[in-house]
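>>> 3D, please:
(one chain, ligands or ions: 1)
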Amino acid sequence: MIPYPPRLPLARVPTPLEPLRRASAALGVEILIKRDDLTGSVESGNKIRKLEVLCADAVARGADTLITCGGAQSNHARATALAAARLGMKARLFLRVPDPAAPPPVEANILLDRLAGAEITWISREQYRDRAAIMAAAAAELRRPYVIPEGGSNALGAWGYVRAVEELASDLAGRPATLVYAAGSGGTGAGLVAGVKLLGLDLRVVGVNVCDDRAYFVAAIGAIVEELRRTWGLDFAFERERDVEILDGYVGRGYAESRPEELRDLAELARTEGIVLDPVYTGKAWHGMATELRKDPRVFGERIVFLHTGGVFGLFPKAAEIAAVL
Ligand SMILES: *Cc1c(COP(=O)(O)O)cnc(C)c1O
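This is a model prediction of the structure:
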């Protein structure tokens, strides 16, 4: 038995696993897509799976305010703001911008944060490095705060993706596959790696990093998996270097910055399959995967499951840049 921590049913799960027939033909290998972009409407994406577990903990501790942080257009902050509203709680967001005196326009995820009534504090890139201290100081001023780290990426949040692996195991019914996903703060990857270990599945898990580098994610994901194993007393063999696989080389111009070739691949998938990726995470991961497959269609084995982790609202602040490649 897997000792799942309590969760609140906030995500629309199980999500479908669907074949991508034309993309499979074009890239020369069977590709399926796990539709975690369908975990909700405005709450959609991977973060709500982590928040199911994190919010259950917050409620159990009697919290009335969720505190978290992220980039200006953070999908995690948006999902947290909406989850808080849904649970009758408040949300306090610390969002990173180049210049806190000149905040970005109220659009896309920021619009949803504001609609959900979240209180936003703009912080600089420099302040963001001290985000843990900044959130702790905000928490110290409240009576019933609950602090959620960047991306909801701690051992508790990662359980959301252990559960997702169990879903995927039933979708695949024993068919071997390589799971490809976008790595941003590491919690999704940690849950996937731990889930595959716990369930003993024939599933290779490959993260495409959208920021930082391979060494960073081996350490970040490794630390979360080890914390999860230790805290819940789980019995599986895990070695960071062996078990955390990262496909590096596709960060491109940097976090949340796009290259035309990434946007062209994103547009092609929309046109040929009706699947819309986001430019910050899934578009980069798809471009990395597709680029490797164009060199060698068997590089990930006979079958790929691409994890669509959501992020649709990230398209809108980049409308002009995307339109330029259409
Ligand atoms: C946050 C996010 C990711 C990355 O997940 P992590 O758990 O932070 O590594 C991938 N895709 C989308 C759309 C996201 O919002």
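>>> show me what contacts the nearest residue to residue 298 once chain neighbours are set aside?
Closest residue in space to residue 298, ignoring its immediate chain neighbours: residue 29 at 6.7 Å, by CB to CB, 6 or more residues apart in numbering. (Glycine included, C-beta is placed from N, CA and C.) Going by CB atoms under 8 Å, 6 or more residues apart in numbering, residue 29 touches 293, 297, 298, 300, 302, 303, 304.
>>> the second one: helix or strand, and which one exactly?
Looking back up the chat, that one is residue 297. For residue 297, there is no host helix or strand (DSSP states H and E).
>>> which residues touch it?
Contacts of residue 297 (CB under 8 Å, 6+ apart): 27, 28, 29.
>>> tell me how far it lies from residue 304.
10 Å (CB to CB, to the nearest Å).
>>> how about residue 109?
28 Å.
>>> can you give me the strands in the stretch 1-150 of the chain?
With DSSP state E, counting those that start in this stretch, the ranges of strands along the stretch 1-150 of the chain come out as 17-19, 30-35, 65-71, 90-96, 119-123, 145-147.
>>> so for the helix or strand residue 160 falls within, what's the average pLDDT?
For residue 160, the element it lies in under DSSP H and E is helix 155-172. For helix 155-172, the mean pLDDT works out to 98.
>>> so what touches the next helix or strand after it?
Note on helix 155-172: by DSSP H and E, the next helix or strand toward the C-terminus is strand 177-183. Outside strand 177-183, the residues that touch it by CB under 8 Å, 6+ apart are 32, 34, 168, 188-189, 192, 202-210, 217, 221, 246-247, 281-282, 284-285, 289, 300-301, 303-307, 309.
>>> one step back: return the most buried member of the strands of the stretch 1-150 of the chain.
Comparing the strands of the stretch 1-150 of the chain by mean neighbour count (mean count of other CB atoms under 10 Å), strand 65-71 comes out on top with a mean of 25.
>>> and for that one, what's in contact with it?
Contacts of strand 65-71 (CB under 8 Å, 6+ apart): 55, 58, 76-77, 80, 83-84, 89-96, 123, 128, 131, 134-135, 138-139, 142, 144-152, 255-256.
>>> how far is it from where the chain is centred?
How far strand 65-71 lies from its chain's middle: 15 Å, per CA atoms, centre = their mean, to the nearest Å.
>>> how about the strands of the stretch 1-150 of the chain in JSON lines, adding mean pLDDT and distance to residue 50?
Putting the strands of the stretch 1-150 of the chain into JSON lines (pLDDT from 0 to 100; distance: least, CB to CB, whole Å) gives the following:
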{"stretch": "strand 17-19", "mean pLDDT": "98", "distance to residue 50": "20"}
{"stretch": "strand 30-35", "mean pLDDT": "98", "distance to residue 50": "16"}
{"stretch": "strand 65-71", "mean pLDDT": "99", "distance to residue 50": "11"}
{"stretch": "strand 90-96", "mean pLDDT": "98", "distance to residue 50": "15"}
{"stretch": "strand 119-123", "mean pLDDT": "98", "distance to residue 50": "21"}
{"stretch": "strand 145-147", "mean pLDDT": "99", "distance to residue 50": "13"}
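>>> among those, which is nearest residue 3?
Among the strands of the stretch 1-150 of the chain, strand 145-147 comes nearest to residue 3, with 21.8 Å by CB to CB.
>>> the closest one pairs with which strands, and in what direction?
strand 65-71 (parallel) (DSSP bridges).
>>> quick one: the partner strand to strand 90-96, angle?
20 degrees (axes from the mean of the first three to the mean of the last three CA atoms, to 10 degrees).
>>> next, the angle strand 119-123 makes with strand 65-71.
40 degrees.
>>> is strand 65-71 up against the ligand anywhere?
No: using CB under 6 Å from any ligand atom, strand 65-71 never reaches the ligand; the gap is at least 8.3 Å.
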